[in-house]
Structures are given as structure tokens and as C-alpha cells.
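**Q** need a structure here:
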Amino acid sequence: MIVIENRKFRSFLKIVIPFILIPAAAVSGVLLFDEQKHLIVSLTVALLSLLLFYTGFEKKSTGTRRMVLVAIMTAISVLGRFIPFFKPITAITVITAMYLGSEAGFLVGSLSALISNFYFGQGPWTAFQMLSWGLIGWIAGVIAVQLKKSNILLYAYGVLSGIAFSLIMDIWTVLWYNAGFDTKLYIASVTAAIPHTVLYAVSNVIFLVVLARPFGEKLERIKLKYGV
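**A** You can find the predicted model right below:
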């Protein structure tokens, strides 16, 4: 098991990986590589997500236990994507981040997109889905204390997550269609996607209402019992 000992280096990676390296990989996958190489880009994002997760390891024993929990949450998230219309990936990602940390939230969101797309279809959009759900999880981990204290804030974050997911995916749409970014085309894409954005936001809130408390209680008990 890899444990990155230097705290300053870990802090550096925690910023560079999710906000620079992974976005750069996603964008370059659209602009610089043909569609036959999209899986290589997605796997690169997955490896970077794993590296980000390792930056959260304080010691080997708890890191391994934390990884098992993340694997379980990822499996639940992937299975949930088969629910018609309403998808719980965002909710599961947010809940994971709230109780297991930003790195865990990013990894669950990222791997959920990659693994489920082996059924739903891989493409250059996969890396952007990994980035979108990953960042949603990352930010949820940063504000985890506030989200746990206020259901209103948690549900509001669910709404904002649905909007953010759509906005990021529309960047991919414009880059793919236009081979470069165009503001007018982006606004048109965002406008056309409003019904889907509303559906994302509503489904996020519904799943957070249903899942946040029971999943949170179980994760807290497991953390206390096994010292995660």
C-alpha cells in the first residue's frame, strides 16, 4: 500500500491533480486525440484519481480499510446508475465525501463514471463525466462539516451539483462539436440542456433525502468501530 509521507507534497497534489492535471487530461482527450484513444485518456484520469486518493492515506492500516469502504460505495453507485431516469451517483459521491473525505469522494465519482460506461458506452465524454462527478465529491468533502449540520445546505448542494455537472458536460459538448471553445455555442448548449439539468438537480435532492441519513449513520459506525 502506498503512503505519501510528505504532508506538503500531499497538499500540493491535492490541488494540482483535481484542478489542473485531470482537467488538462479531459480537455486534451477531446482536442488532441481521436476517439479511438478515448479509453487511454479515461484510464489516465482514473490513475490520477487513485493517486489523489492515496494522498489522503495517513497510515497503511486505516488507508486499506478506507479503500474497502470506497470500493463498496463505488459498487453501489455503479449499480444505481441502472435506475431509469433518476441516477444516484451524485448523491452517493457526496455522501462518501462527507464521511470519508474529499479524496474518497473524488475517486467514487470518477470510478463510477468509468466503470458504468463499460455498459452505457465509453467515449471522449467519459473523462468529463469522471471530472464532473469527481469535483462534486471533492468540494463536498471540503464543506462536509457544514453539509452534515444543515439538511437545507445539503439539498441546496444537490441542486448546485446537478447544475455544475451539466455546465461541465456542456464544455465537452462544445469542444467536441466545435474543435475549440465558443461562448455562443456554449450558451446555446446550456440552454438546450435545461430540462436535463433540472432532472439532475431534482434527482440529486431526492436521493440525498432518502440516502444521506441511513448511509451516513452506517459509515459513522464503521469509522468508529474500525478507526478509519
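
**Q** Next, the contact list for Ser102, please.
**A** 14, 56, 137-142 (C-beta atoms under 8 Å, 6 or more residues apart in numbering). From N, CA and C alone the C-beta is placed, and that goes for glycine too.

**Q** switch the cut-off to 10 Å
**A** Counting by C-beta atoms under 10 Å, 6 or more residues apart in numbering, Ser102 makes contact with 14, 18, 52-53, 55-56, 96, 134-135, 137-144.

**Q** and the gap between the residue lying closest to it once chain neighbours are set aside and Ile194?
**A** Closest residue to Ser102 apart from its sequence neighbours, by C-beta to C-beta, 6 or more residues apart in numbering: Gly141 at 2.9 Å. Separation of Gly141 from Ile194 (C-beta to C-beta, to the nearest Å): 29 Å.

**Q** show me the residues around Asn36 that make contact.
**A** For the record, residue 36 is Gln, not Asn. Applying C-beta under 10 Å, 6+ apart, no residues contact Gln36.

**Q** circling back to that earlier point, give the buried residues for the host helix or strand of the residue nearest to Ser102.
**A** In this assignment (DSSP states H and E), Gly141 forms part of helix 125-142. The neighbour-count check on helix 125-142 (16 or more other C-beta atoms under 10 Å) flags 125-141 as buried.

**Q** repeat for stretch 219-228
**A** Buried residues in stretch 219-228 (16+ other C-beta under 10 Å): 219, 222-223, 228.
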